[in-house]
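1. Got a predicted model here, sequence first, then my questions.
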Amino acid sequence: MGLTSLFFEMKNKHVLIIGTGSVGIRRSKRFLESDARVSIITHDIDSSVKEELESLGATFYPDECRDRLLSECDLVVVATDNLELNEEIALKAKDKLVNCASDTSLSNVIVPSTFMLGNVTVSLYTGNKSPLMAKELRKKIQSVITPRDILNIELQERVRELLKNNIDSQSERKEFMIKIKEDSVVQGYIDDEDLDSAVCYVKEKLLLS
């Protein structure tokens, strides 16, 4: 497979989920959180889980609607406990974006393990070799990326517009960003979680001086 990592705009995209085991439920919630339009076909689902998914915006359909929904959807997630059925559906949907939970060789889209740290999105994929190690690596990454890192990201986001209005050269703006990251006063404010004061200092003492 010629895989590459991408972020895809899912707002208003039509996602069809077939099967609601742990994978189907998890991916249903994930795409609903991304403002996708989620349709679900399933034979067995806890009523409370169904109510939760419906409250998030999912719509449930009977088997008879499968072919129509396959033709209409942008992405299909095949996640039943029937391997032969999964293969049949994945092959039928070959012209669509397909994520087959039971067989990545039938997929042209992989849904990696993903989590948020502030505004940072981290995705992990081990080539389907070790979900356990994906969890272990997630813990390691979460321990390395600190609240200080997240605040520095927010600071540079807020400073970027100031720089665009005051410094024409992109290379000079980059150098200024490095200067901010290394400035002890700025980082002191960051350590105190005082982002507003850090921005004011950058504007008044570093940028306009």
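-> The structure has been received and is ready for your questions. Predicted model, so just to flag it, every value in this text is computed and none were measured. Numbering: from 1, shown residues only.

2. Quick check: buried residues in stretch 136-144?
-> R138 (16 or more other C-beta atoms under 10 Å). C-beta coordinates here come from the backbone N, C-alpha and C atoms, glycine included.

3. Spit out the contact partners of Q156.
-> For Q156, the contacting residues are 177, 180-181, by C-beta atoms under 8 Å, 6 or more residues apart in numbering.

4. looking at those, which has the most residues close by?
-> I180 (22 neighbours; other C-beta atoms under 10 Å).

5. Show me how far the one helix or strand it maps to is from its chain's centre.
-> Here I180 sits within helix 170-182, counting by DSSP states H and E. On the basis of C-alpha atoms, centre = their mean, to the nearest Å, helix 170-182 sits 28 Å off its chain's mean C-alpha point.

6. Report all helices and strands that it contacts.
-> helix 147-166 (3 or more C-beta pairs under 8 Å, 6 or more residues apart in numbering; DSSP states H and E).

7. For the helix it packs on, output the C-alpha coordinates as CSV.
-> Taking C-alpha atoms only, helix 147-166 is exported to CSV below (Å, rounded to 0.1, in the frame of the first residue of the first chain):
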residue,chain,number,x,y,z
PRO,A,147,1.7,22.2,28.9
ARG,A,148,4.6,24.6,28.3
ASP,A,149,4.9,23.3,24.7
ILE,A,150,1.2,23.9,24.1
LEU,A,151,1.4,27.4,25.5
ASN,A,152,4.3,28.2,23.2
ILE,A,153,2.2,27.0,20.2
GLU,A,154,-0.6,29.3,21.3
LEU,A,155,1.8,32.2,21.8
GLN,A,156,3.3,31.8,18.3
GLU,A,157,-0.1,31.6,16.8
ARG,A,158,-1.0,35.0,18.4
VAL,A,159,2.3,36.6,17.5
ARG,A,160,2.1,35.5,13.9
GLU,A,161,-0.4,38.2,12.9
LEU,A,162,1.7,40.8,14.6
LEU,A,163,4.7,39.7,12.6
LYS,A,164,2.9,39.7,9.3
ASN,A,165,1.9,43.3,9.9
ASN,A,166,5.4,44.4,10.9
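
8. Just want the angle from it to helix 170-182.
-> 150 degrees (axes from the mean of the first three to the mean of the last three C-alpha atoms, to 10 degrees).

9. Just give me the closest of the contacts of Q156 to V77.
-> M177 (39.4 Å; C-beta to C-beta).

10. which residues sit against whatever helix or strand F60 lives in?
-> Assigned by DSSP H and E, F60 falls within strand 59-61. With contact meaning C-beta under 8 Å, 6+ apart, strand 59-61 is reached by 38-42, 50, 53-54, 69.
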